[in-house]
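# Model the following, please.
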Amino acid sequence: MSQTPADKIIDGRDMEPPEPFVLTLEALDTLGPGEKLLLILTREPHPLYRALVKQGFTYVTEVTLQGTFEILIWRKQP
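All right, here's what the predicted structure looks like:
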């Protein structure tokens with residue numbers, strides 16, 4: 001997924017929950033139209049997925065060869 005341009009990146013690999021979740025929601029509040037956020041984690045964030053859907057975001061998750069989860073997030077188009 002690293003080929004996909006992201007406007008903002010949060011590397012949460014060294015963070016403890018719920019810090020990546022909180023930082024992601026805060027960053028999503030600042031995304032402009034068409035902008036994307038890339039979240040990098042060491043585990044799959046199932047609670048975040050539910051929050052994203054409820055708030056009108058779309059995401060794609062890719063597991064890298066290193067075992068990290070890269071989640072590309074953007075606002076659904078109306």
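
# Every contact and neighbour count from this point should use C-alpha atoms.
Noted.

# Mind listing the residues bridging to the residue sitting nearest the centre point of the chain?
The chain has Leu39 as the residue nearest its centroid, 3.8 Å off, counting by C-alpha atoms, centre = their mean. Note on Leu39: beta-bridge partners by DSSP bridges are Ile10, Ile71.

# Quick one: residues contacting it.
The contact partners of Leu39, by C-alpha atoms under 8 Å, 6 or more residues apart in numbering, come to 9-12, 24, 69-73.

# Which pLDDT does the model give it?
You'll see Leu39 listed with a pLDDT of 98.

# With the one 10 residues further on instead?
As summarised for this prediction, Tyr49 has a pLDDT of 97.

# Distance of the residue nearest to it when sequence neighbours are not counted relative to Leu28?
Using C-alpha to C-alpha, 6 or more residues apart in numbering and skipping the chain neighbours, the partner closest in space to Tyr49 is Tyr59 (8.0 Å). Distance, Tyr59 to Leu28, using C-alpha to C-alpha, to the nearest Å: 12 Å.

# What is the longest helix of the protein by residue count?
Of all the segments assigned as helix in the chain under DSSP state H, the longest by residue count is helix 19-29.
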